[in-house]
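Asks: please find the sequence and the predicted model below.
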Amino acid sequence: MTTDTQMAPAELGESIITIDGLNKWYGQFHVLKDIDLDVKRGERIVICGPSGSGKSTLIRCINRLETHQEGSIVVDGIELTDDTKHINDIRREVGMVFQHFNLFPHLTVLENCTLAPIWVRKTPKREAEELAMQYLERVKIPEQANKYPGQLSGGQQQRVAIARSLCMNPRVMLFDEPTSALDPEMIAEVLDVMVGLAEDGMTMLCVTHEMGFARKVANRVIFMDGGQIVEQNEPEEFFNNPQNDRTQLFLSQILQH
Amino acid sequence: MADVKTFVPAPDRAPPSSAVGPIAWIRDNLFGSIGSSIATLVFFYLFFSYVPLFVEWALINANWTGSDRSVCEANAAGACWTFINVRLEQILFGLYFASNPDELWRPTLIFILFFALLLPLLFEKTPGKKWLTIALLGVFPVVFYFVVYGGYFGISQSNTTQWGGFLLTFALAFVGILLALPIGILLALGRRSELPVIRSICVIYIEFWRGTPLITILFMASVMLPLFFPAGVEFDKVVRAMIGITLFQSAYTAEAVRGGLAAIPKGQSEAAMALGLGYWRRTVFITLPQALKISIPSIVNTFIALFKDTSLVSIIGLLDLLNMAQTTARSMEWKGYDIEAFLFAGFVYWAFCYGMSRYSQNLERKLDTNRRN
């Protein structure tokens, strides 16, 4: 990801995620403070920040892997509450890719991809398998369909994880440090898939430190620290002209080497 | 740019001959150090001084034929398998069937059916394994009830107080295992539940039954239980033993399964949640299959323990395999041949437990999806 050429700006639609006055505590620890965030359809957002800044927690709130105590999160017109039905309605529209892939090791690659479409979307098995093969081709590993995750490399596993999410035809994709657990040679193959998704107009929220990817793909870069959004801007402005001294320090640390 | 070298991986070479082959293996494994050499020599000394003696007594000089003890008394240098041979029906099937030769086909048929269903399951390539499993776990117990207990279709009803021998051991263990596994799984899930009421009930159940000796539970089930019911209501003694064993065993199985559930990374259920799968689907498709795979050794461990612990039913006057063998050896006719009785009972227990152990290892290997290619 060394190219600096930016992708064409996405055509943004109406809001798909609206977060308003979000606060979250882990016991006494105030992990998210007054977060306001509006994500438009087709928008590609990169969230960065030091570890412990709450960036992962923020995107995990969007599909209710974490519960929040104050404020509201509305995804695709549905507000996240304790109602289990609403939660599952939202989760089927929001895909998530994890740092450690979290593939199901006892199922083949193909079964990993078809499980949710069959049982959540009630897609017939054959149709689900055809769909899964389409997405496995898209992430360039159709030949691994009948292998088990343990037989694949990290980069291949993460691409399967992306295909697994895509099989649910999500409206939004959340990426939680998708390349942090990968060997350097494998990061590129995963980022290539993510760039392809962005080109197709997928709404994406990525927690990542791949600044080359942020420059190329993002419409907006958000910098978080201490549970707050410190600064957000278009990538060009964000990298070349950071407004906050905390952002400047962070960028100088990670771009130094 | 013309000077760029092409990287060619060096070809693999065979390992040096000193590192492979039987001599290298013996040197490394049997005589690798002074301590190891001494252990090897001591082992071979003990093995060759005692095992041949045993083999001579138990196999070479042994008495196999005949119908009474005079054969064995004539050749006291060998084991008296004549005794086992003559009393085999009683030791395997108990007094009821041994004393009614016309009914012997019933337990015989049951064991033939059991092995006919079980053996094909042990081979990987058997077709229709799903149906065989359903037949073994679902249909077989029903057939067992109708054939062994009887009372329908012109089959006379057997007296359960006279059930005994290996048939009783088998019935108690089979029912205990069959019922304890699903109950144990539900208890394990309940103990990890986020709902405090369900969690408390499961914790209390598990800790109560796990903290009580099986012998006490069997005694309570046999002596105390009838006191709680009005006079005239009578539970079958064998059924009471089965209930006691199931209550006890499900607590142990629950803890074995809980160990497996605890070992599944949180990311697994998170990934399933993120896909929109609800609690039961996450459990059935994602966490439970992985947890059961991990806990196979400890679950089978509790099954093996149960299989042997069924001999505790002697406390409520039931004669299982071990007690039947012992009782037979104390009859006037065969007095003095306890060693043969215990060896035979021990061998049957061992054969079944070893079978379970091997099957579990086989299953573990088969379910290991982490093999590379």
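Replies: Yes, it's here. Residues are numbered from 1 along each chain as shown, chains lettered A, B, ... in the order given.
Asks: gap between B:Phe43 and chain A?
Replies: As judged by CB to the nearest CB, to the nearest Å, B:Phe43 and chain A stand 39 Å apart. Where C-beta positions appear, they are placed from N, C-alpha and C, glycine not excepted.
Asks: so how many other residues sit close to that residue?
Replies: Neighbours of B:Phe43 under the rule other CB atoms under 10 Å in any protein chain shown: 11.
Asks: quick one: residues contacting it.
Replies: Listed by CB atoms under 8 Å, 6 or more residues apart in numbering or on different chains, the contact set of B:Phe43 is empty.
Asks: that one belongs to a helix?
Replies: Yes - checked against DSSP: H, G, I helix; E, B strand; the rest coil, B:Phe43 lies within a helix.
Asks: measure stretch B:5-16 end to end?
Replies: End-to-end span of stretch B:5-16 (CA to CA, to the nearest Å): 31 Å.
Asks: same question, stretch B:309-324
Replies: One end of stretch B:309-324 to the other measures 15 Å (CA to CA).
Asks: now swap in stretch B:16-35 and tell me
Replies: One end of stretch B:16-35 to the other measures 27 Å (CA to CA).
Asks: got the contact list for A:Ala163?
Replies: A:113, A:132, A:135-136, A:138-139, A:141 are the contacts of A:Ala163 under CB under 8 Å, 6+ apart.
Asks: actually B:Ala351, not the one I typed
Replies: The contact partners of B:Ala351, by CB under 8 Å, 6+ apart, come to none.
Asks: what does B:Ser250 give?
Replies: B:179-180, B:183-184, B:187, B:209.
Asks: in helices, which of these appear?
Replies: Among the contacts of B:Ser250, the ones falling in helices (DSSP state H) are B:179-180, B:183-184, B:187, B:209.
Asks: could I get those residues as CSV with pLDDT and neighbour count?
Replies: Output for those, formatted as CSV (pLDDT from 0 to 100; neighbours: other CB atoms under 10 Å in any protein chain shown):
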residue, pLDDT, neighbour count
B:Leu179, 92, 19
B:Ala180, 92, 25
B:Ile183, 94, 17
B:Gly184, 93, 25
B:Leu187, 93, 24
B:Trp209, 90, 20
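Asks: near chain A, which residues of the stretch 251-373 of chain B show up?
Replies: Within reach of chain A by CB under 8 Å from any CB of the partner chain, the stretch 251-373 of chain B has these residues: B:265, B:267-268, B:270-278, B:281, B:285-286, B:289-290, B:293, B:367, B:369-373.
Asks: now, which of those residues lie within strands?
Replies: Using DSSP state E, no member of these falls in strands.
Asks: ok, and for stretch B:351-362, which residues are buried?
Replies: Burial within stretch B:351-362, assessed by neighbour count using 16 or more other CB atoms under 10 Å in any protein chain shown, is assigned to B:352-353, B:356, B:360.
Asks: show me the strands in chain B, by range?
Replies: In chain B, the strands defined using DSSP E lie at B:164, B:319-320.
Asks: still on that earlier bit, now list the buried members of the residues of the stretch 251-373 of chain B next to chain A.
Replies: B:268, B:270-278, B:281, B:285-286, B:290, B:293, B:369.
Asks: count of residues packed around the nearest residue to B:Ala345 once chain neighbours are set aside?
Replies: Distances taken as CB to CB, 6 or more residues apart in numbering or on different chains place B:Ala325 nearest to B:Ala345, at 4.2 Å, with adjacent residues excluded. As a burial measure, B:Ala325 scores 28 neighbours (other CB under 10 Å).
Asks: contact residues of chain A facing chain B?
Replies: Neighbours of chain B within chain A, by CB under 8 Å from any CB: A:63, A:65, A:84, A:88, A:91-92, A:94-96, A:98, A:100, A:102-106, A:115-116, A:119-120, A:147-151, A:161, A:164-165, A:168.
Asks: and the residues you listed, which of them are in helices?
Replies: Among those, the ones falling in helices (DSSP H) are A:84, A:88, A:91, A:115-116, A:119, A:161, A:164-165.
Asks: among those residues, which ones are buried?
Replies: Applying 16+ other CB under 10 Å to those, the neighbour count classes A:88, A:91, A:115-116, A:119, A:161, A:164-165 as buried.
Asks: hey, which helix is longest across chain A?
Replies: Scanning chain A for the longest helix, with DSSP H as the assignment, gives helix A:184-199.
Asks: now for that helix, which elements pack on it?
Replies: For helix A:184-199, the elements it packs on are helix A:154-166, strand A:203-207, helix A:211-217, judged by 3 or more CB pairs under 8 Å, 6 or more residues apart in numbering or on different chains; DSSP states H and E.
Asks: what bits of chain B have low per-residue confidence?
Replies: Within chain B, the stretches with pLDDT under 70 are B:1-2, B:231-234, B:370-373.
Asks: nearest the geometric middle of it, what residue?
Replies: Residue closest to the average C-alpha location in chain B (CA atoms, centre = their mean): B:Ile304, at 3.9 Å.
Asks: about what we covered before: could I get the strands of chain B as TSV with mean neighbour count?
Replies: As requested, the strands of chain B are exported to TSV (neighbours: other CB atoms under 10 Å in any protein chain shown):
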stretch	mean neighbour count
strand B:164	26
strand B:319-320	26
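Asks: picking that back up, distance check, the residue nearest to B:Ala345 against B:Leu88.
Replies: Distance of B:Ala325 to B:Leu88, given as CB to CB, to the nearest Å: 11 Å.
Asks: of all residues in the stretch 1-150 of chain B, which one is closest to chain A?
Replies: B:Phe7 (14.5 Å; CB to the nearest CB).
Asks: residue contacts, the residue in the stretch 101-250 of chain B positioned nearest to chain A?
Replies: Closest contact between the stretch 101-250 of chain B and chain A, by CB to the nearest CB, is at B:Glu194 (11.9 Å). Going by CB under 8 Å, 6+ apart, B:Glu194 touches no other residue.
Asks: can you report phi and psi for it?
Replies: With angles defined as degrees, to the nearest 10, B:Glu194 sits at phi -90, psi -10.
Asks: how much space between it and A:Thr67?
Replies: The gap separating B:Glu194 from A:Thr67 is 12 Å, by CB to CB.
Asks: again with A:Leu58
Replies: According to CB to CB, A:Leu58 and A:Thr67 sit 13 Å apart.
Asks: which one of the two is surrounded by more residues?
Replies: A count of neighbours by other CB under 10 Å puts A:Leu58 above the other of A:Leu58 and A:Thr67, at 28 against 12.
Asks: of the ones in helices among the residues of chain A next to chain B, which is the nearest to B:Ala256?
Replies: Of all these, A:Leu115 has the smallest distance to B:Ala256: 26.3 Å, by CB to CB.
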